[in-house]
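Peer 1: Fold the following for me, if possible:
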Amino acid sequence: MIEYRPHRQTLWLVALLGIVTALSLSFARAQNPQQPSRADDQAAIRKSTDSFLQAVAKGDAKAVANFWTPTGEYVQGEAAPIRGHDDIEKAYTEYFKDKQPAAFELQNDSIRFLANDVAMEEGDCLLKRPNPAERSRHHFNILYVRDKGRWLIAQLRDSPEGTSLQELAWLVGTWNIKNEDSTTRITFEWNDQKTFLIGRFTTKQPERTTTGLQIVALDPDTRSLRSWSFESDGSFGEAAWSRTDKGWTAKAKAVTADGDKVNATTVLQPSDDNHFTWRSTDRTIEGEKAPDIGPISAVREGTAP
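Peer 2: All right, here's what the predicted structure looks like:
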């Protein structure tokens, strides 16, 4: 093997390029100073957004419309824009007729200034209702303009978020599930990047104890929720999840430790953050119909049944 030794001239050139690059970066930073943080303006904008969401939560259509400029517009998804105070107030009045009050939680919001009196706030908003099955997340962009010292909405774009693993964030924690002849304790937690929901469970029956692992993730290819389960006896399976009006279903396929093929539909229906029911339907073992299981109640540990 021929050993490569860089020529002194090459080393000198590399060092020179390094110095030139460093000087260039320093010059660029000097020519492009960072914008001031404008902390007071950011605080004022976030306060306006919080007040706006409180008005929405109270169902006050008139107060909601007053956060817009007179000719501001609201765009939801692919729908046609709603423009002006009067039409925005009418739209919210209709919306509030069929909707119960709900709390909102801002997530991952950021603010950038396009001009001295123009700013853009972008982020996610969680619509929080008591039942996790009735919650939704939306991505928003708010174009703010300052008029007579007050930050007003010139345009609000709101798009419902597609399928997300965050839908199941309410599962994080420890749950106890009791059946006639078994008890199961399962703990869900996030991985470090919150890209996987990891459940570890222990099921105790009179004749044996089984432990296992379940991983739930968003499939980057299909943009759907999927899960994979592994039990200590060697059984394993996978499932495709979908959302329903009352919760979630998971179409599952599994193989037992004895090699039997099992198909089933798991139904998960929460009633609040601390309670849900679980059942397994449409069950077959090696193509033969098997009895349904459940519904069985699951209770968050430390919560009254």
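
Peer 1: use CA for all of it now, contacts and neighbours both
Peer 2: Noted.

Peer 1: now residue 267, which residues is it bridged with?
Peer 2: residue 249, residue 279 (DSSP bridges).

Peer 1: and the gap between it and residue 250?
Peer 2: For residue 267, the distance to residue 250 equals 7 Å [Cα to Cα, to the nearest Å].

Peer 1: same check, this time on residue 89
Peer 2: Going from residue 89 to residue 250 by Cα to Cα gives 40 Å.

Peer 1: Next up, the contacts around residue 211.
Peer 2: 200-203, 231-232 (Cα atoms under 8 Å, 6 or more residues apart in numbering).

Peer 1: possible to save the residues you listed as TSV with pLDDT, secondary structure and neighbour count?
Peer 2: Compiled in TSV, the contacts of residue 211 are given as follows (pLDDT from 0 to 100; DSSP: H, G, I helix; E, B strand; the rest coil; neighbours: other Cα atoms under 10 Å):
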residue	pLDDT	secondary structure	neighbour count
200	97	strand	18
201	96	strand	18
202	96	strand	17
203	94	strand	17
231	95	strand	18
232	95	coil	13
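
Peer 1: If you drop the residues flanking it in sequence, what lies closest to residue 103?
Peer 2: Once flanking residues are discounted, residue 103 sits nearest to residue 128: 5.1 Å by Cα to Cα, 6 or more residues apart in numbering.

Peer 1: Also residue 200?
Peer 2: Spatially, and ignoring its direct neighbours in sequence, residue 200 is nearest to residue 213 (4.7 Å; Cα to Cα, 6+ apart).

Peer 1: What count of nearby residues applies to the one you found?
Peer 2: Residues within reach of residue 213, counting by other Cα atoms under 10 Å, total 18.

Peer 1: host element of it?
Peer 2: strand 209-218 (DSSP states H and E).

Peer 1: Buried residues, that strand. List them.
Peer 2: Neighbour counts using 16 or more other Cα atoms under 10 Å place 211-218 of strand 209-218 among the buried residues.

Peer 1: same check, this time on stretch 259-268
Peer 2: Buried, per 16+ other Cα under 10 Å, within stretch 259-268: 262-268.

Peer 1: Kindly report the same for stretch 122-136.
Peer 2: For stretch 122-136, using 16+ other Cα under 10 Å, the buried residues are 122, 124-129, 131-134, 136.

Peer 1: quick check, nearest of those residues to residue 187?
Peer 2: Distance to residue 187 across the buried residues of stretch 122-136 (Cα to Cα) is lowest for residue 132, with 17.9 Å.

Peer 1: How much space separates that closest one from residue 257?
Peer 2: Taking Cα to Cα, one finds residue 132 at 35 Å from residue 257.

Peer 1: so how far is residue 94 from the spatially most central residue of the chain?
Peer 2: Nearest to the mean C-alpha position of the chain, by Cα atoms, centre = their mean, lies residue 166 at 2.9 Å. Noted for residue 166: a distance of 29 Å to residue 94, by Cα to Cα.

Peer 1: Tell me how this protein divides into domains.
Peer 2: Domain assignment of the chain by automatic domain parsing yields the ranges 39-161, 166-300.

Peer 1: distance between the ends of the last one?
Peer 2: With Cα to Cα as the measure, domain 166-300 spans 18 Å from end to end.

Peer 1: Can we start the residue count at 3 from this point?
Peer 2: Taking 3 as the first residue, the last one we looked at is domain 168-302.

Peer 1: element containing the closest residue to residue 294 other than its chain neighbours, please.
Peer 2: With sequence-adjacent residues excluded and distances taken as Cα to Cα, 6+ apart, residue 294 is closest to residue 283, at 4.8 Å. Assigned by DSSP H and E, residue 283 falls within strand 277-287.

Peer 1: Which residues outside that strand are in contact with it?
Peer 2: Outside strand 277-287, the residues touching it (Cα under 8 Å, 6+ apart) are 262-272, 291-302, 307.
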